[in-house]
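Participant: below are the sequence and a predicted model; questions follow.
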Amino acid sequence: MASLTGKVVLITGGTGALGSVTSAAFAEAGGTVVASYIVDAEAEALRAMGGAGRYELAKVDLGSVDAVRAWVEDVRARHGRIDVLLNLCGGFWGGVPVVETPEEELDRMLVMNLKTAFVCTRAVLPSMIAQKAGRIVNVTARPALAGGAFVGAYAIAKAGVAALTRAVADEVREHGVTVNAIAPSTIDTPANRVAMPEADHASWVKPTEIAATLLFLAGEGAGATSGAIVPVYGRA
């Protein structure tokens, strides 16, 4: 396991099905985990899972530029630095073709998946550039890379995350900051099992497997890797 001792790690969506497992893994690796959340029950579950004092949790509207700026400035003021940003916040909507997709669902997917990653990345970059070190890892998705019917709005938003990853990686390459993304297939979560009871759940990628990939990309061993979109498909 990569050591993150002394590192300050921001995790957006850090209390969800993937976020809680990732938060626990990064705390176990020695990182100071600062996670955002929206759902109160998820925050309480993470606190209970990890024990008091392992995490700093903040309720943040990640679609708000002002809210994100205030959050990041508060973390920097208290810790002096931000070493890692994991943009895990996102959401899924699908089931209909593009011709039947409501405009409001496209807007919602763009805000949840792309705007949150853009706003948070922009907020942490000045301090990472100043300290000449930092790791940013985003989450795109298999449909954004390989296509797929009936998930157009979601795939468009996640394709934007992939483009954001590559663009920022090129912009900060000379500053000691790496920017990468993972592209999971269907994640084995309780909600996905309920939504797709007949699917082959054993072939889905596990949150623990994704967390392990995130740990590598956030660690010292990945210093030569930037601009990569890493497939994390399990056996799907």
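Facilitator: Sure thing, it's come through.
Participant: flag the shaky bits of this protein, pLDDT-wise.
Facilitator: Within the chain, the ranges that satisfy pLDDT under 70 run 1-2, 50-53.
Participant: kindly recompute the last result at 90.
Facilitator: The chain contains residues with pLDDT under 90 at 1-3, 16, 40, 43-55, 94-95, 146-148, 185-205, 233-236.
Participant: need the strands for it, in chain order.
Facilitator: All strands of the chain, identified by DSSP state E, fall at 8-12, 32-37, 55-59, 84-87, 134-139, 177-184, 229-232.
Participant: turn those into CSV, columns for mean neighbour count and distance to Ala222.
Facilitator: C-beta coordinates here come from the backbone N, C-alpha and C atoms, glycine included. Formatted as CSV, those follow (neighbours: other Cβ atoms under 10 Å; distance: least, Cβ to Cβ, whole Å):
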stretch, mean neighbour count, distance to Ala222
strand 8-12, 25, 14
strand 32-37, 26, 19
strand 55-59, 18, 23
strand 84-87, 28, 11
strand 134-139, 26, 7
strand 177-184, 24, 7
strand 229-232, 17, 10
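Participant: which among these is found nearest to Val75?
Facilitator: Closest of the strands of the chain to Val75 is strand 32-37, at 5.4 Å (criterion: Cβ to Cβ).
Participant: mind listing residues that contact that closest one?
Facilitator: Contact partners of strand 32-37, identified using Cβ atoms under 8 Å, 6 or more residues apart in numbering, comprise 6-15, 19, 23, 26-27, 43, 46, 54-60, 62, 71, 75, 79, 89.
Participant: sheet partners, orientation included, of that strand?
Facilitator: Paired neighbours of strand 32-37 in the sheet (DSSP bridges): strand 8-12 (parallel), strand 55-59 (parallel).
Participant: residue farthest from the centroid of the chain?
Facilitator: Ranking residues of the chain by C-alpha distance from their mean position (Cα atoms, centre = their mean) puts Val99 at the top, at 29.2 Å.
Participant: measure that residue to Ala43 for me?
Facilitator: Distance from Val99 to Ala43, counting by Cβ to Cβ, to the nearest Å: 39 Å.
Participant: now swap in Glu56 and tell me
Facilitator: Look at Glu56 and Ala43: by Cβ to Cβ, they are 11 Å apart.
Participant: name the nearest residue to the most centrally placed residue in the chain, ignoring sequence neighbours.
Facilitator: Centroid check for the chain by Cα atoms, centre = their mean gives Leu88 as the closest residue, at 1.9 Å. Distances taken as Cβ to Cβ, 6 or more residues apart in numbering place Gly13 nearest to Leu88, at 4.2 Å, with adjacent residues excluded.
Participant: same thing with Ile129?
Facilitator: Counting by Cβ to Cβ, 6+ apart, the residue nearest Ile129 is His175, at 4.6 Å.
Participant: and the one you found, what is it in contact with?
Facilitator: The contact partners of His175, by Cβ under 8 Å, 6+ apart, come to 128-129, 132.
Participant: could you rerun that using 10 Å?
Facilitator: By Cβ atoms under 10 Å, 6 or more residues apart in numbering, the residues touching His175 are 125, 128-134.
Participant: just Thr178 next, same as before
Facilitator: 128, 133-137, 168-169, 172, 217-218, 222-228.
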